[in-house]
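In: just need the structure, nothing else, for what follows:
(one chain, ligands or ions: 1)
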Amino acid sequence: MRQVIKGKYIFDGEKLLDDKEIAVEDGVIIETGKGLTGDKIVDLGDSFIMPGMTDAHIHLSGYRSGNFFAEGLTLDSRDHLLMAVPWLKTLLDTGFTSVRDCGWENSIFLRNAVNNGVIVGPDISAAGKALSQTFGHGEAEFSHTVPVDLIERMGGFACLCDGVDECIKTARKVLRSGSDFIKIITSGGALSQRDNPNQEQFTLEEIRSIVREAQKAGTYVAAHAHGDRGARNAVEGGVKTLEHGTLVTGETLKLMAKNGVSMTPTLTIIELIAKYGKVSGLSEWAIEKIKEVREGIEKVLPEAMKLGVNILCGTDLLYITRKELDIGRNWMEMVLMTEICGLTNEEALRTSTGNIHKIGLKQGMIAKGFPANIISIDGNPIENIKDLGRVNSVFKRGVQVK
Ligand SMILES: [Zn+2]
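Out: You can find the predicted model right below:
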(Lines give C-alpha, C1' and ligand atoms only; values in the text may rest on other atoms or scores of the structure.)
Protein backbone atom coordinates (compact mmCIF):
# COMPACT_ATOMS: atom_id res chain seq x y z
CA MET A 1 0.00 0.00 0.00
CA ARG A 2 1.21 3.46 -0.90
CA GLN A 3 0.46 6.10 1.71
CA VAL A 4 0.84 9.84 1.18
CA ILE A 5 1.33 12.09 4.22
CA LYS A 6 0.79 15.81 3.63
CA GLY A 7 1.18 18.98 5.68
CA LYS A 8 1.99 22.67 5.46
CA TYR A 9 5.78 22.45 5.91
CA ILE A 10 8.29 19.60 5.61
CA PHE A 11 11.64 19.88 7.40
CA ASP A 12 13.79 17.01 6.09
CA GLY A 13 16.28 16.91 8.97
CA GLU A 14 18.54 19.57 7.47
CA LYS A 15 16.33 22.19 5.86
CA LEU A 16 12.76 23.13 4.90
CA LEU A 17 11.65 21.59 1.60
CA ASP A 18 9.39 23.11 -1.03
CA ASP A 19 7.60 19.75 -1.12
CA LYS A 20 4.44 19.29 0.93
CA GLU A 21 3.93 15.52 0.62
CA ILE A 22 5.75 12.30 1.51
CA ALA A 23 5.03 8.93 -0.13
CA VAL A 24 5.57 5.85 2.05
CA GLU A 25 5.51 2.16 1.15
CA ASP A 26 6.25 -0.79 3.46
CA GLY A 27 7.40 1.57 6.21
CA VAL A 28 10.00 3.26 4.00
CA ILE A 29 10.01 6.73 2.45
CA ILE A 30 9.76 6.45 -1.34
CA GLU A 31 9.75 10.12 -2.37
CA THR A 32 8.75 13.64 -1.44
CA GLY A 33 6.96 15.98 -3.81
CA LYS A 34 3.83 17.91 -4.72
CA GLY A 35 0.62 16.39 -6.06
CA LEU A 36 1.67 12.82 -5.16
CA THR A 37 -0.99 10.11 -5.38
CA GLY A 38 -1.49 7.05 -3.21
CA ASP A 39 -3.91 4.41 -1.91
CA LYS A 40 -4.32 6.35 1.32
CA ILE A 41 -3.90 10.10 1.91
CA VAL A 42 -3.18 11.32 5.44
CA ASP A 43 -3.85 15.07 5.43
CA LEU A 44 -2.27 16.71 8.48
CA GLY A 45 -3.61 20.16 7.57
CA ASP A 46 -1.43 23.06 8.73
CA SER A 47 1.01 20.83 10.59
CA PHE A 48 4.79 21.09 10.47
CA ILE A 49 6.18 17.71 9.41
CA MET A 50 9.67 16.55 10.37
CA PRO A 51 11.62 13.34 11.02
CA GLY A 52 10.96 11.55 14.31
CA MET A 53 13.45 12.89 16.84
CA THR A 54 16.27 11.00 18.57
CA ASP A 55 17.46 11.48 22.14
CA ALA A 56 21.06 10.40 21.66
CA HIS A 57 21.86 10.17 25.37
CA ILE A 58 19.36 8.77 27.82
CA HIS A 59 19.48 6.12 30.56
CA LEU A 60 16.42 3.86 30.64
CA SER A 61 16.94 3.14 34.33
CA GLY A 62 13.32 3.16 35.47
CA TYR A 63 14.36 5.10 38.59
CA ARG A 64 11.72 7.25 40.25
CA SER A 65 14.05 9.69 41.99
CA GLY A 66 17.62 10.93 42.11
CA ASN A 67 18.20 8.95 45.30
CA PHE A 68 19.85 6.08 43.46
CA PHE A 69 21.41 4.47 46.46
CA ALA A 70 18.16 4.11 48.42
CA GLU A 71 16.21 2.99 45.35
CA GLY A 72 18.92 0.57 44.30
CA LEU A 73 18.93 -1.05 47.74
CA THR A 74 15.16 -1.23 48.25
CA LEU A 75 13.99 -2.27 44.78
CA ASP A 76 14.98 -5.18 42.58
CA SER A 77 16.48 -4.53 39.15
CA ARG A 78 13.37 -6.20 37.68
CA ASP A 79 11.19 -3.57 39.36
CA HIS A 80 13.24 -0.90 37.67
CA LEU A 81 13.12 -2.64 34.31
CA LEU A 82 9.31 -2.72 34.40
CA MET A 83 9.08 0.88 35.59
CA ALA A 84 11.00 1.96 32.49
CA VAL A 85 8.36 0.46 30.15
CA PRO A 86 5.88 3.39 30.32
CA TRP A 87 8.76 5.80 29.62
CA LEU A 88 8.95 4.33 26.13
CA LYS A 89 5.34 5.08 25.23
CA THR A 90 5.79 8.61 26.60
CA LEU A 91 8.90 9.12 24.47
CA LEU A 92 7.16 7.90 21.34
CA ASP A 93 4.03 10.01 21.92
CA THR A 94 6.19 13.12 22.34
CA GLY A 95 7.90 12.63 18.98
CA PHE A 96 11.00 10.61 19.88
CA THR A 97 10.98 7.63 17.53
CA SER A 98 14.54 6.65 18.54
CA VAL A 99 16.70 6.82 21.62
CA ARG A 100 20.29 5.88 22.32
CA ASP A 101 20.74 4.50 25.82
CA CYS A 102 24.22 5.45 26.99
CA GLY A 103 24.54 2.89 29.74
CA TRP A 104 21.97 0.79 31.57
CA GLU A 105 21.53 -2.94 31.51
CA ASN A 106 17.75 -2.50 30.99
CA SER A 107 18.28 -1.03 27.54
CA ILE A 108 19.08 -4.39 25.94
CA PHE A 109 15.89 -6.08 27.22
CA LEU A 110 13.72 -3.06 26.40
CA ARG A 111 15.15 -2.91 22.88
CA ASN A 112 14.40 -6.59 22.35
CA ALA A 113 10.83 -6.18 23.63
CA VAL A 114 10.21 -3.21 21.29
CA ASN A 115 11.73 -5.06 18.33
CA ASN A 116 9.62 -8.15 19.08
CA GLY A 117 6.44 -6.06 19.30
CA VAL A 118 5.91 -6.97 22.97
CA ILE A 119 5.86 -3.32 24.06
CA VAL A 120 5.40 -0.03 22.23
CA GLY A 121 8.31 2.38 22.12
CA PRO A 122 10.99 4.11 20.12
CA ASP A 123 13.80 2.22 18.44
CA ILE A 124 16.50 1.73 21.07
CA SER A 125 20.20 1.72 20.39
CA ALA A 126 21.47 0.07 23.56
CA ALA A 127 24.84 0.32 25.26
CA GLY A 128 23.99 -2.20 27.97
CA LYS A 129 26.44 -1.64 30.81
CA ALA A 130 29.05 1.09 30.44
CA LEU A 131 32.75 0.40 31.05
CA SER A 132 34.52 2.35 33.79
CA GLN A 133 37.77 2.06 35.67
CA THR A 134 37.71 1.23 39.38
CA PHE A 135 37.45 4.48 41.37
CA GLY A 136 35.85 6.11 38.37
CA HIS A 137 32.59 7.78 37.38
CA GLY A 138 31.09 4.35 36.72
CA GLU A 139 30.55 4.15 40.45
CA ALA A 140 28.10 7.01 39.90
CA GLU A 141 25.73 7.84 42.74
CA PHE A 142 27.66 5.61 45.06
CA SER A 143 30.15 7.23 47.36
CA HIS A 144 33.36 5.44 46.30
CA THR A 145 33.23 3.88 49.76
CA VAL A 146 30.52 1.30 49.05
CA PRO A 147 32.01 -2.21 48.60
CA VAL A 148 32.85 -2.77 44.92
CA ASP A 149 30.99 -6.09 44.69
CA LEU A 150 27.83 -4.39 45.96
CA ILE A 151 28.09 -1.75 43.22
CA GLU A 152 28.40 -4.43 40.58
CA ARG A 153 25.46 -6.36 41.98
CA MET A 154 23.15 -3.37 42.44
CA GLY A 155 24.00 -1.04 39.62
CA GLY A 156 22.68 -1.34 36.11
CA PHE A 157 24.92 1.47 34.91
CA ALA A 158 28.50 0.28 34.62
CA CYS A 159 30.97 -2.53 35.11
CA LEU A 160 34.48 -1.86 36.35
CA CYS A 161 37.63 -2.98 34.52
CA ASP A 162 41.30 -2.06 34.77
CA GLY A 163 44.25 -2.72 32.48
CA VAL A 164 44.17 -3.60 28.80
CA ASP A 165 43.39 -7.30 29.33
CA GLU A 166 40.40 -6.66 31.57
CA CYS A 167 39.16 -3.91 29.24
CA ILE A 168 39.25 -6.27 26.26
CA LYS A 169 37.45 -9.01 28.17
CA THR A 170 34.79 -6.65 29.53
CA ALA A 171 34.21 -5.10 26.09
CA ARG A 172 33.68 -8.57 24.66
CA LYS A 173 31.30 -9.48 27.50
CA VAL A 174 29.22 -6.32 26.96
CA LEU A 175 29.07 -6.97 23.22
CA ARG A 176 28.11 -10.58 23.95
CA SER A 177 25.27 -9.37 26.17
CA GLY A 178 23.77 -7.69 23.09
CA SER A 179 24.96 -4.09 23.20
CA ASP A 180 24.68 -2.08 19.98
CA PHE A 181 27.73 0.05 20.82
CA ILE A 182 30.11 0.46 23.77
CA LYS A 183 29.91 3.29 26.28
CA ILE A 184 33.08 4.11 28.22
CA ILE A 185 33.95 6.68 30.87
CA THR A 186 37.18 8.62 30.37
CA SER A 187 36.83 11.39 32.97
CA GLY A 188 35.30 11.99 36.37
CA GLY A 189 31.79 13.34 36.63
CA ALA A 190 29.30 15.16 38.80
CA LEU A 191 27.30 12.22 40.10
CA SER A 192 30.29 10.32 41.50
CA GLN A 193 31.61 11.58 44.79
CA ARG A 194 35.37 11.57 44.99
CA ASP A 195 36.47 12.00 41.39
CA ASN A 196 36.63 15.34 39.68
CA PRO A 197 35.17 16.16 36.23
CA ASN A 198 38.71 17.10 35.16
CA GLN A 199 40.21 13.81 36.31
CA GLU A 200 41.46 11.60 33.50
CA GLN A 201 40.07 8.04 33.65
CA PHE A 202 41.26 4.98 31.71
CA THR A 203 44.63 5.20 29.95
CA LEU A 204 44.96 5.84 26.22
CA GLU A 205 45.98 2.18 25.81
CA GLU A 206 42.88 0.96 27.66
CA ILE A 207 40.65 3.18 25.49
CA ARG A 208 42.32 2.00 22.26
CA SER A 209 41.88 -1.63 23.25
CA ILE A 210 38.12 -1.14 23.77
CA VAL A 211 37.72 0.84 20.53
CA ARG A 212 39.45 -1.99 18.68
CA GLU A 213 37.06 -4.58 20.13
CA ALA A 214 34.08 -2.44 19.13
CA GLN A 215 35.40 -1.96 15.60
CA LYS A 216 36.07 -5.68 15.18
CA ALA A 217 32.41 -6.27 16.08
CA GLY A 218 31.34 -3.68 13.50
CA THR A 219 30.37 -0.98 15.97
CA TYR A 220 31.77 2.06 17.80
CA VAL A 221 32.51 3.63 21.18
CA ALA A 222 30.81 6.59 22.89
CA ALA A 223 32.83 8.24 25.68
CA HIS A 224 31.70 10.19 28.73
CA ALA A 225 34.21 13.00 29.32
CA HIS A 226 34.02 16.45 30.87
CA GLY A 227 37.68 17.48 31.33
CA ASP A 228 40.04 18.07 28.43
CA ARG A 229 42.60 15.36 29.22
CA GLY A 230 40.01 12.60 29.41
CA ALA A 231 38.25 13.92 26.31
CA ARG A 232 41.48 14.17 24.33
CA ASN A 233 42.40 10.59 25.22
CA ALA A 234 38.97 9.45 24.04
CA VAL A 235 39.25 11.33 20.74
CA GLU A 236 42.82 10.13 20.14
CA GLY A 237 41.73 6.64 21.13
CA GLY A 238 39.20 6.58 18.29
CA VAL A 239 35.76 7.06 19.85
CA LYS A 240 32.89 8.19 17.62
CA THR A 241 30.89 10.35 20.03
CA LEU A 242 31.95 12.44 23.00
CA GLU A 243 29.30 12.76 25.70
CA HIS A 244 29.20 16.05 27.68
CA GLY A 245 32.53 17.61 26.61
CA THR A 246 31.83 20.49 28.98
CA LEU A 247 35.42 21.50 29.75
CA VAL A 248 37.26 20.70 26.51
CA THR A 249 39.68 23.12 24.84
CA GLY A 250 39.57 24.50 21.30
CA GLU A 251 42.43 22.14 20.34
CA THR A 252 40.37 19.10 21.26
CA LEU A 253 37.32 20.51 19.44
CA LYS A 254 39.45 21.01 16.31
CA LEU A 255 40.62 17.40 16.51
CA MET A 256 37.01 16.28 16.92
CA ALA A 257 35.95 18.20 13.81
CA LYS A 258 38.90 16.74 11.88
CA ASN A 259 38.27 13.14 13.01
CA GLY A 260 34.47 13.35 12.65
CA VAL A 261 33.79 12.90 16.38
CA SER A 262 30.31 14.13 17.37
CA MET A 263 29.48 15.80 20.69
CA THR A 264 26.39 15.46 22.90
CA PRO A 265 26.38 18.46 25.26
CA THR A 266 23.57 17.11 27.59
CA LEU A 267 22.38 20.53 28.78
CA THR A 268 19.21 19.03 30.29
CA ILE A 269 20.93 17.01 33.01
CA ILE A 270 23.25 19.90 33.84
CA GLU A 271 20.33 22.33 34.28
CA LEU A 272 18.35 19.72 36.13
CA ILE A 273 21.07 19.02 38.69
CA ALA A 274 21.83 22.72 39.12
CA LYS A 275 18.20 23.74 39.57
CA TYR A 276 16.51 20.74 41.15
CA GLY A 277 19.30 18.47 42.41
CA LYS A 278 18.46 19.10 46.02
CA VAL A 279 14.71 18.46 45.81
CA SER A 280 15.23 15.32 43.75
CA GLY A 281 17.40 13.81 46.45
CA LEU A 282 20.85 14.27 44.89
CA SER A 283 23.85 14.63 47.16
CA GLU A 284 25.27 18.04 48.11
CA TRP A 285 28.66 17.24 46.48
CA ALA A 286 27.02 16.52 43.11
CA ILE A 287 25.25 19.88 43.10
CA GLU A 288 28.52 21.62 44.00
CA LYS A 289 30.45 19.90 41.17
CA ILE A 290 27.88 20.75 38.50
CA LYS A 291 28.65 24.49 38.71
CA GLU A 292 32.00 24.28 36.85
CA VAL A 293 30.51 21.98 34.23
CA ARG A 294 27.56 24.31 33.67
CA GLU A 295 29.78 27.36 33.17
CA GLY A 296 32.03 25.34 30.85
CA ILE A 297 29.43 24.14 28.38
CA GLU A 298 28.03 27.64 27.81
CA LYS A 299 31.34 28.51 26.13
CA VAL A 300 32.24 25.12 24.65
CA LEU A 301 29.06 24.49 22.65
CA PRO A 302 29.14 27.76 20.64
CA GLU A 303 32.86 27.17 19.93
CA ALA A 304 32.19 23.58 18.85
CA MET A 305 29.49 24.85 16.46
CA LYS A 306 31.88 27.41 15.02
CA LEU A 307 34.57 24.76 14.46
CA GLY A 308 32.12 22.45 12.68
CA VAL A 309 31.74 19.69 15.29
CA ASN A 310 28.59 17.62 14.70
CA ILE A 311 26.27 18.21 17.69
CA LEU A 312 23.72 15.66 18.93
CA CYS A 313 20.59 16.18 21.03
CA GLY A 314 20.88 14.10 24.19
CA THR A 315 19.29 14.85 27.54
CA ASP A 316 21.09 12.38 29.84
CA LEU A 317 17.74 12.03 31.65
CA LEU A 318 17.89 9.05 33.99
CA TYR A 319 15.06 9.32 36.49
CA ILE A 320 11.54 10.77 36.72
CA THR A 321 11.77 14.40 37.89
CA ARG A 322 8.23 15.87 37.58
CA LYS A 323 9.86 19.16 36.56
CA GLU A 324 9.91 21.00 33.24
CA LEU A 325 12.97 18.87 32.38
CA ASP A 326 11.69 15.29 32.40
CA ILE A 327 11.08 12.16 30.36
CA GLY A 328 8.41 13.30 27.86
CA ARG A 329 9.89 16.78 27.64
CA ASN A 330 13.19 15.69 26.05
CA TRP A 331 12.66 18.38 23.39
CA MET A 332 13.64 20.91 26.07
CA GLU A 333 17.27 20.01 25.27
CA MET A 334 16.86 21.92 22.01
CA VAL A 335 15.21 24.84 23.78
CA LEU A 336 18.22 25.01 26.13
CA MET A 337 20.62 24.90 23.16
CA THR A 338 19.00 28.06 21.80
CA GLU A 339 18.52 29.85 25.13
CA ILE A 340 21.85 29.07 26.80
CA CYS A 341 24.23 28.53 23.89
CA GLY A 342 22.74 30.70 21.14
CA LEU A 343 22.02 28.06 18.49
CA THR A 344 19.39 29.04 15.93
CA ASN A 345 16.15 27.08 16.09
CA GLU A 346 17.04 25.31 12.86
CA GLU A 347 20.50 24.35 14.14
CA ALA A 348 18.88 22.96 17.29
CA LEU A 349 16.33 20.95 15.27
CA ARG A 350 19.11 19.31 13.26
CA THR A 351 20.73 17.96 16.45
CA SER A 352 17.82 15.54 16.97
CA THR A 353 17.34 14.71 13.27
CA GLY A 354 19.86 15.15 10.43
CA ASN A 355 22.92 15.22 12.72
CA ILE A 356 21.95 11.79 14.07
CA HIS A 357 22.19 10.38 10.56
CA LYS A 358 25.75 11.73 10.42
CA ILE A 359 26.91 9.23 13.06
CA GLY A 360 25.96 6.44 10.69
CA LEU A 361 22.45 5.59 11.90
CA LYS A 362 19.77 5.28 9.23
CA GLN A 363 17.38 7.73 10.86
CA GLY A 364 16.66 11.42 11.29
CA MET A 365 15.95 12.30 7.65
CA ILE A 366 12.88 12.56 5.46
CA ALA A 367 14.46 11.25 2.29
CA LYS A 368 14.18 8.33 -0.09
CA GLY A 369 15.16 5.04 1.53
CA PHE A 370 14.87 6.18 5.16
CA PRO A 371 12.42 4.49 7.56
CA ALA A 372 9.14 6.43 7.66
CA ASN A 373 9.63 7.70 11.21
CA ILE A 374 7.73 10.95 10.84
CA ILE A 375 6.10 13.36 13.27
CA SER A 376 3.88 16.41 12.88
CA ILE A 377 3.58 19.47 15.05
CA ASP A 378 1.02 22.22 15.68
CA GLY A 379 2.91 25.41 14.90
CA ASN A 380 6.39 25.85 13.48
CA PRO A 381 9.47 25.09 15.63
CA ILE A 382 11.73 27.02 13.24
CA GLU A 383 9.81 30.13 14.33
CA ASN A 384 9.16 29.06 17.92
CA ILE A 385 11.35 26.24 19.21
CA LYS A 386 8.92 25.48 22.06
CA ASP A 387 6.40 24.27 19.46
CA LEU A 388 8.41 21.02 19.67
CA GLY A 389 6.24 20.31 22.71
CA ARG A 390 3.10 20.28 20.49
CA VAL A 391 3.51 16.99 18.62
CA ASN A 392 0.10 15.98 17.19
CA SER A 393 0.92 12.77 15.30
CA VAL A 394 3.68 10.18 15.22
CA PHE A 395 4.41 7.56 12.56
CA LYS A 396 6.85 4.74 13.20
CA ARG A 397 7.84 2.86 10.05
CA GLY A 398 4.77 4.30 8.35
CA VAL A 399 2.31 3.16 11.03
CA GLN A 400 0.50 5.96 12.84
CA VAL A 401 1.06 5.35 16.57
CA LYS A 402 -0.34 8.71 17.72
ZN1 LIG B 1 24.76 9.79 30.84
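In: ok, then the element right after the strand of greatest length in the chain?
Out: In the chain, assigned by DSSP state E, the strand with the most residues is strand 53-63. Toward the C-terminal end, the helix or strand that comes next after strand 53-63 (DSSP states H and E) is helix 68-74.
In: and the residue of the chain found nearest the ion, what does it touch?
Out: Closest residue of the chain to the ion, Cβ to the ion: residue 316 (4.2 Å). Quick note: C-beta positions are derived from backbone N, CA and C, even for glycine. Taking Cβ atoms under 8 Å, 6 or more residues apart in numbering, we find residue 316 in contact with 57, 58, 59, 102, 243, 244, 264, 266, 268, 269.
In: buried set for the least confident helix or strand in the chain by mean pLDDT?
Out: Across the helices and strands of the chain, mean confidence by mean pLDDT, DSSP states H and E is lowest for helix 148-154: a mean of 74. Across helix 148-154, burial judged by 16 or more other Cβ atoms under 10 Å covers 151, 154.
In: near the ion, which residues of the chain show up?
Out: 102, 316 (Cβ under 5 Å from the ion).
In: can you tell me how far residue 322 is from residue 64?
Out: In this view, residue 322 and residue 64 are 10 Å apart by Cβ to Cβ, to the nearest Å.
In: swap in residue 232?
Out: Distance, residue 232 to residue 64, using Cβ to Cβ: 37 Å.
In: comparing the two, which residue is more hemmed in?
Out: Set side by side, residue 232 and residue 64 show more neighbours around residue 232, with 22 against 16, by other Cβ atoms under 10 Å.
In: for the more buried one, which residues are in contact?
Out: Each residue near residue 232 by Cβ under 8 Å, 6+ apart is listed here: 248, 251, 252, 255.
In: redo that, cut-off 10 Å
Out: By Cβ atoms under 10 Å, 6 or more residues apart in numbering, residue 232 lies in contact with 186, 187, 200, 204, 225, 242, 248, 249, 251, 252, 255, 256.
In: confirm it sits in a helix?
Out: Yes - Residue 232: assigned to a helix according to DSSP: H, G, I helix; E, B strand; the rest coil.
In: tell me the pLDDT of it.
Out: Residue 232 carries a pLDDT value of 98.
In: all further residue positions should be reported with the first residue as 874.
Out: Okay, residue one is now 874; in that scheme the one you just asked about reads as residue 1105.
In: pretty sure residue 880 is touching residue 1266, no?
Out: Yes - with contact defined as Cβ atoms under 10 Å, residue 880 counts as touching residue 1266 (9.5 Å).
In: quick check: neighbours shared by those two?
Out: Residues touching both residue 880 and residue 1266 (Cβ under 10 Å, 6+ apart) are 915, 917, 920, 922, 1247, 1249, 1250.
In: kindly provide the whole-number mean pLDDT of stretch 1149-1161.
Out: 81.
In: quick one: the strands in the stretch 974-1123 of the chain, in order.
Out: Along the stretch 974-1123 of the chain, counting by DSSP state E, counting those that start in this stretch, strands occupy 996-999, 1003-1005, 1031-1033, 1055-1058, 1094-1100, 1114-1120.
In: any chance of those in CSV, plus distance to residue 942, mean pLDDT and mean neighbour count?
Out: Formatted as CSV, the strands of the stretch 974-1123 of the chain follow (distance: least, Cβ to Cβ, whole Å; pLDDT from 0 to 100; neighbours: other Cβ atoms under 10 Å):
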stretch, distance to residue 942, mean pLDDT, mean neighbour count
strand 996-999, 24, 98, 24
strand 1003-1005, 17, 96, 29
strand 1031-1033, 15, 91, 23
strand 1055-1058, 19, 98, 30
strand 1094-1100, 20, 97, 30
strand 1114-1120, 22, 97, 29
